[in-house]
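Trainee: A structural model of the following input is requested.
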Amino acid sequence: MTVIRHTPAELREQRARLLNESGLTYDELRDRAAVWALSLEQIDIWHTIQGIDYLLTGTTQPDTEETAS
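Mentor: Next up, the predicted model:
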């Protein structure tokens with residue numbers, strides 16, 4: 001088994017990079033995910049961002065300052 005470790009700063013950088021790659025804001029991704037209106041790539045990004053948010057906060061909801069990213 002392989003364990004990958006990231007610092008919170010690395011996770012935040014990855015999250016910001018993913019949002020940038022998606023071409024959407026967090027709110028746009030969330031809203032489109034709610035109505036199944038994402039491309040396959042965007043769905044992967046959305047799920048990864050939810051995982052990062054969980055690792056950073058213990059919930060799939062982002063920090064309030066992170067939402068603006």
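Trainee: tell me, what residue is most central in the protein?
Mentor: What sits nearest the mean C-alpha location of the chain, by Cα atoms, centre = their mean, is Ile49, with 1.7 Å.
Trainee: Now the helix or strand hosting that one: average pLDDT?
Mentor: Secondary structure assignment for Ile49, by DSSP states H and E: helix 40-57. When pLDDT is averaged over helix 40-57, the result is 95.
Trainee: Could you list every helix and strand that it packs against?
Mentor: Under the contact criterion of 3 or more Cβ pairs under 8 Å, 6 or more residues apart in numbering; DSSP states H and E, helix 40-57 touches helix 8-22, helix 26-34. C-beta here means a position set from N, CA and C on the backbone, and glycine is covered the same way.
Trainee: Take those helices and lay them out in TSV including mean neighbour count, distance to Gln42 and mean pLDDT.
Mentor: Formatted as TSV, the helices and strands packed on helix 40-57 follow (neighbours: other Cβ atoms under 10 Å; distance: least, Cβ to Cβ, whole Å; pLDDT from 0 to 100):
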stretch	mean neighbour count	distance to Gln42	mean pLDDT
helix 8-22	14	5	96
helix 26-34	15	7	96
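Trainee: can you redo these as CSV with distance to Leu40?
Mentor: Output for the helices and strands packed on helix 40-57, formatted as CSV (distance: least, Cβ to Cβ, whole Å):
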stretch, distance to Leu40
helix 8-22, 12
helix 26-34, 12
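Trainee: among the ones you listed, which is nearest Gln61?
Mentor: helix 26-34 (9.8 Å; Cβ to Cβ).
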